[in-house]
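A.B. asks: Compute the structure for the input listed below.
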Amino acid sequence: MTGVLITGGTGKTGSALTELLRGSGVPVRVASRHPSADDPDAVRFDWNDPTTHRAALRGTDRVYLVPPLRTVDPLPLVAPFLAEAERLGVRRVVLLGSAAVLPDAPGPLELADRMRVRPGWVVLRPSGFMQNFLSPHPLGERIRRHGEIRTAAGDGRLGWIDARDIAAAASALLTDPDPESDDRHDHLLTGPKALSYQDAASILTTHTGRPVRVLHVEVDELAHRLRASGLPAEFAAALAAVDADIRGGREDVVSTAVLDLTGRPPRPFAEFVRDHATEWANGGLSEGC
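C.D. replies: Numbering: from 1, shown residues only. Purely as a prediction, here's the structure:
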């Protein structure tokens, strides 16, 4: 094993994965658009600049791949990178995919299919991130500022997962000494229990002392609010439509993959809330939309 390239290295899962791997003595190269000057192993990486791809990959044999964010079709940007990884003999690529299926968006599915046919390349499909309940995510920002959750998911439930558990699963796969002997190319990652937004709001209220209410809205209104938060229109519409899938029960799934890969169960939502309780404490309720 020569080293791991972590794209999205400063993001939710990438930063946690970097800490885990470095703590185990694994050489890590942290790739991001704005690499830290304090990290000698940080490298500039931009999906829109293919000239940064080869330099980032050189000297590594494993990759944690976080595709471009806020897009319904990452494949045009990611495909050349994967081709370069193949040319350079990368043995293991772990793709951060998603359990949610964006409507009318075949690109993420095509990317995952391309991954699964390569020996040693794996797709992680996590459920919704618990970190979405934190600012600056639109969901977390609304909780912080207004003490409320607006959703089109109704009473539907989701197997929320802590990004730290996603990182732990990725670490287990990236440190496998013989990745090409593993014939499992897909892992659905969830927390230990599926929760509705009302369940989550009750847990937040209990463990932070701050009342959090749930307001039910239609899909179109949710899409409008996501656009207003700064998300591209097409991506905002797709995310809002996922709430309809949650309402219909499509995301009410719990898996044992975190336990199977890491040897320990995933964190429950209440533990995540206790770990971050101060981040909701000083938001200050405000009036308005």
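A.B. asks: just the helices in this structure please.
C.D. replies: Remark: helices assigned in the chain by DSSP state H are 12-23, 51-57, 75-87, 106-116, 138-146, 163-174, 197-208, 219-228, 233-247, 257-262, 269-275, 278-281.
A.B. asks: which residues sit against the last one?
C.D. replies: The contact list for helix 278-281, computed with C-beta atoms under 8 Å, 6 or more residues apart in numbering, reads 134-135, 143-144, 204, 208-210. Using the backbone N, CA and C atoms, a C-beta is placed for each residue, glycine as well.
A.B. asks: Could you identify the most distant pair in those residues?
C.D. replies: Across those, the two members that end up farthest from each other (C-beta to C-beta) are S135 and G209, 18.0 Å apart.
A.B. asks: between the two, who's got more neighbours?
C.D. replies: For S135 and G209, the more surrounded residue by other C-beta atoms under 10 Å is S135, and the numbers stand at 15 against 10.
A.B. asks: what about the more buried one, distance to V28?
C.D. replies: Per C-beta to C-beta, to the nearest Å, S135 is found 27 Å from V28.
A.B. asks: again, but for D186
C.D. replies: D186 is 24 Å from V28, where distance means C-beta to C-beta.
A.B. asks: Which residue of these two possesses the greater neighbour count?
C.D. replies: For D186 versus V28, neighbours defined as other C-beta under 10 Å are more numerous around V28 (26 against 14).
A.B. asks: What is the burial count for the residue nearest to P50 when sequence neighbours are not counted?
C.D. replies: Computed as C-beta to C-beta, 6 or more residues apart in numbering, the closest residue to P50 that is not its neighbour in sequence is P80, at 5.6 Å. A count of nearby residues for P80, using other C-beta under 10 Å, gives 12.
A.B. asks: Over to the one 4 residues further on?
C.D. replies: The local packing of E84 (other C-beta under 10 Å) involves 16 other residues.
A.B. asks: So which bits of stretch 133-151 are buried?
C.D. replies: In terms of neighbour count (16 or more other C-beta atoms under 10 Å), stretch 133-151 has its buried residues at 133-134, 137-140, 142-144, 146-147, 149-151.
A.B. asks: What of stretch 178-187?
C.D. replies: Of the residues in stretch 178-187, those with enough neighbours to count as buried (16+ other C-beta under 10 Å) are 179, 185, 187.
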